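Visitor: Just need the structure, nothing else, for what follows:
(2 chains)
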Amino acid sequence: MTIDITAQQIGNTFADAVERVTPSLVAVLGRSRLPGTGTIWDTDQTGAVIVTASHVVEREEQIAIRLADDAEVPATLLGRDLTRDLAVLRVDATDLEAASIASVDARVGTLTMAVGRPFVSCTQASFGSVVFIGSLRNRNPGAGRVIHADATLYPGFSGGPLIDASGDVLGINTSGARQAGGITIPADQVSRVVRDIVEIGYVRTAWVGITLQQIDLPDHVREFHPDQQTGLIVLGIEENTPAADAGLFVDDILVTMDGQPLADVTDLKQVLCDELIGESLTVTAWRGDTRRDIVVTPVARPEQP
Amino acid sequence: MSSISPATRPTPIATLNERGETMFPARRGLANPASSRNSARRLVVGIVAAYPSMRAGLGALVQSDVNLTATAIAPAALAAASGMPALAQISDADVILVEPGDLGLATLENLVGLGRDEDVPLLWLGTTGLPETARTSRHAGGVISQDADAETVVAAIHAVQQGLSVFDPNLSQIEFSLRGPSRSSDPLAVASTLSPREREVLELVAAGLPNKAIARALGISDHTVKFHVSSVLTKLDAGSRTEAVTIATRQGILSL
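Guide: Next comes the predicted model:
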């Protein structure tokens, strides 16, 4: 296989990609510190929907975006996805240009750039590749997967896109998600978050109706799960919920769900994404000395309140 | 030292030392080590009340029990102790008996903090002006009526010193959540301190709703929502909405 491409061409390709996505970048003024970046996700006749990182929007009111020509436009906060650290804003400006969303998923090895524009009329970009795609903790593909790329997220990059060589958006970058460092929420998840928040005001999630706490696995359980030190003990089960229907009991210790280790309560939160509503999931649970595989079928979290 | 000689007054209640603190004389007979050789160490009861006469009276009441010795703590010292190393008198005490009336909220809150930090149980005499932190502090202690007789007070002092919670049923109109000493993270205690409205607000915060949408959903004003959110963040010791939701989920307050 012959690859006939010069370093100059690669450089030009990525510089062009940055230029292409630039009209869809805004600065988000939602906190007292450095602004973050926002990515114009969708437009219609009356305005535009902008995605940014939730942690960039510390205020609930007096949020604004700054456009390429320095103009500031007030923005309304439509909603947040705290699990993915995303926030969705709406502005009434009509001449905005939505970013082009990549039609294929990022793959390990894909060359990428992280792009941000926290400062006035100045796009910034850093180069890297997709290192792995997995959940925040377990690096397993599947539910709650995120992109880990090694393009540096400079201050103010949160809320900006990770783009491929053609300037298409692979996902939204954030440095605010737990201890994971910089991560990218894949574009298909961002689109679902935007759709839910615009249409129903919050993000649909799968729900089983259970409260839990982390617990050190007892020795007799560890024998069967040598790679796992902690599990989740059931504190409470609400009536007429999937957890109750499945026959889970208070004090059961949950070790895995759908093959994913449950070492922290937030692991379960990530497993329970909206795609799993109505799916049958096997939970490995220990009740005293007995291991049980219990099938639970999450429902959509009931509407609040 | 301006002490009053027993010779001129046969039954002294208290004396002042050079720092102006009230000192209670040891009970007659107990000054002799031989007589107390077989008894356990006497418990030191710190007494906090607004006025010297009240401190003196409570001191005498406390020392009616041979196993207790009293030391008075002036409220001015507590006000000054805010943010400073705890008063030696607080850390030396086994139990602190407080008459909260007229002490002022700031002093009482300092006292709650000092008691918690030094792991000294607080026993409240009555509930006048009792701060919210006293009701919700996860800390051993108790509350008894101001009308309690000496026997009751003494029994309560011994009980809270043992790490028990003491609660006068005549004061049942107060919700008290006194807990055992020094449990670092007690989810139920935190959960029980969130009001039902705060829990509703927290659920909606977790769903990602902005304050305005929460206000619409609950039929309350934006301003009230802001107030509840800020209260939830304080109670959960969270710096942001995200952190509050993570903490609440990990503590089993929010369901999954």
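
Visitor: Quickly list the domain ranges of the chain.
Guide: If you meant another chain, say so; for now it's chain A. Following automatic domain parsing, one gets these domains for chain A: A:1-201, A:206-300.

Visitor: wait, chain B
Guide: Following automatic domain parsing, one finds the domains of chain B at B:15-171, B:187-250.

Visitor: Mean pLDDT lowest where, among these?
Guide: Comparing mean pLDDT across the domains of chain B, the weakest is domain B:15-171, with a mean of 74.

Visitor: do you know which of the domains of chain B lies nearest chain A?
Guide: Chain A lies closest to domain B:187-250 among those, at 3.8 Å (Cβ to the nearest Cβ). All C-beta atoms are positioned from the backbone trio N, CA, C, and that covers glycine.

Visitor: is any part of that closest one close to chain A?
Guide: Yes. Using Cβ under 8 Å from any Cβ of the partner chain, domain B:187-250 reaches chain A at B:187, B:200, B:203-213, B:217-218, B:226, B:240-242, B:245-246, B:249-250.

Visitor: Give me the buried subset of these.
Guide: B:187, B:200, B:203-211, B:213, B:217-218, B:226, B:241-242, B:245-246, B:249-250 (16 or more other Cβ atoms under 10 Å in any protein chain shown).

Visitor: Give me the subset of those lying in helices.
Guide: B:187, B:200, B:203-206, B:211, B:213, B:217-218, B:226, B:241-242, B:245-246, B:249-250 (DSSP state H).

Visitor: Can I get the host helix or strand of A:Q213 as PDB, trimmed to CA atoms?
Guide: Using DSSP states H and E, A:Q213 maps to strand A:210-216. C-alpha atoms of strand A:210-216 as PDB (Å, rounded to 0.1, in the frame of the first residue of the first chain):
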ATOM      1  CA  ILE A 210     -33.400   1.800  43.500                       C
ATOM      2  CA  THR A 211     -31.100   3.700  45.900                       C
ATOM      3  CA  LEU A 212     -27.600   2.300  46.500                       C
ATOM      4  CA  GLN A 213     -24.300   2.900  48.200                       C
ATOM      5  CA  GLN A 214     -20.800   1.700  47.500                       C
ATOM      6  CA  ILE A 215     -19.600  -1.100  49.700                       C
ATOM      7  CA  ASP A 216     -16.400  -3.200  50.000                       C
END
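
Visitor: Are there helices or strands packed against the worst-scoring helix or strand of chain A on mean pLDDT, and which ones?
Guide: Ranked by mean pLDDT, DSSP states H and E, the weakest helix or strand in chain A is helix A:265-271, scoring a mean of 84. Packed against helix A:265-271 by the contact rule (3 or more Cβ pairs under 8 Å, 6 or more residues apart in numbering or on different chains; DSSP states H and E) you find strand A:210-216, strand A:253-257, strand A:260-261, helix B:241-250.

Visitor: closest one to A:R59 among the ones you listed?
Guide: A:R59 lies closest to helix B:241-250 among the helices and strands packed on helix A:265-271, at 11.5 Å (Cβ to Cβ).

Visitor: what does that closest one rub up against?
Guide: In this structure, residues lying in contact with helix B:241-250 by Cβ atoms under 8 Å, 6 or more residues apart in numbering or on different chains are A:54-55, A:80, A:82, A:85, A:176, A:213-214, A:264-266, A:269, B:202, B:205-206, B:229, B:232-233, B:236-238, B:254, B:256.

Visitor: Stretch B:221-236 too?
Guide: A:60, B:190, B:193-194, B:197-198, B:201-202, B:205, B:211-212, B:214-215, B:218, B:238-241, B:243-244, B:247-248.

Visitor: Start from the N-terminal end of the stretch 101-250 of chain A and give the strands.
Guide: A:111-119, A:122-134, A:146-149, A:161-163, A:169-174, A:183-186, A:206-207, A:210-216, A:230-237 (DSSP state E, counting those that start in this stretch).

Visitor: wait, which of the helices and strands packed on helix A:265-271 is closest to A:V115?
Guide: helix B:241-250 (23.9 Å).

Visitor: quick check, B:L103 in a strand?
Guide: No. According to DSSP: H, G, I helix; E, B strand; the rest coil, B:L103 belongs to no strand; its state is coil.

Visitor: list the contacts for it?
Guide: B:V48, B:A49, B:A50, B:P75, B:L111, B:G129.

Visitor: before we move on, back to that, from the contacts of stretch B:221-236, which would you call buried?
Guide: The neighbour-count test (16+ other Cβ under 10 Å) marks A:60, B:190, B:193-194, B:198, B:201-202, B:205, B:211, B:214-215, B:218, B:238, B:241, B:244, B:247-248 as buried among these.

Visitor: right, so the strands of the stretch 101-250 of chain A: which one is the most enclosed?
Guide: Comparing the strands of the stretch 101-250 of chain A by mean neighbour count (mean count of other Cβ atoms under 10 Å in any protein chain shown), strand A:161-163 ranks first with a mean of 30.

Visitor: Tell me which other helices or strands it touches.
Guide: helix A:7-21, strand A:111-119, strand A:169-174.

Visitor: Quickly note the distance from A:I277 to A:V28.
Guide: To A:V28, A:I277 is 31 Å away according to Cβ to Cβ, to the nearest Å.

Visitor: more neighbours, the two?
Guide: Higher neighbour count among A:I277 and A:V28: A:V28, with 29 against 16, using other Cβ atoms under 10 Å in any protein chain shown.

Visitor: Parallel or antiparallel, list what pairs with the helix or strand hosting that one.
Guide: Assigned by DSSP H and E, A:V28 belongs to strand A:25-29. Here strand A:25-29 has these sheet partners by DSSP bridges: strand A:36-43 (antiparallel), strand A:63-66 (antiparallel).

Visitor: quick one, which of those strands is packed in tightest?
Guide: Comparing those by mean neighbour count (mean count of other Cβ under 10 Å), strand A:36-43 ranks first with a mean of 27.

Visitor: relative to strand A:169-174, how tilted is it?
Guide: 140 degrees (axes from the mean of the first three to the mean of the last three Cα atoms, to 10 degrees).

Visitor: chain center to strand A:36-43: distance?
Guide: Offset of strand A:36-43 from its chain centre (Cα atoms, centre = their mean, to the nearest Å): 15 Å.

Visitor: For the helix or strand just after that strand, output the C-alpha coordinates as CSV.
Guide: Helices and strands here follow DSSP H and E; after strand A:36-43, the next one along the chain is strand A:48-53. Extracted C-alpha coordinates of strand A:48-53, given in CSV (Å, rounded to 0.1, in the frame of the first residue of the first chain):
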residue,chain,number,x,y,z
ALA,A,48,-30.2,28.4,17.0
VAL,A,49,-29.5,25.7,19.5
ILE,A,50,-26.0,25.8,21.0
VAL,A,51,-24.3,23.0,22.9
THR,A,52,-21.7,23.7,25.5
ALA,A,53,-20.3,22.1,28.7
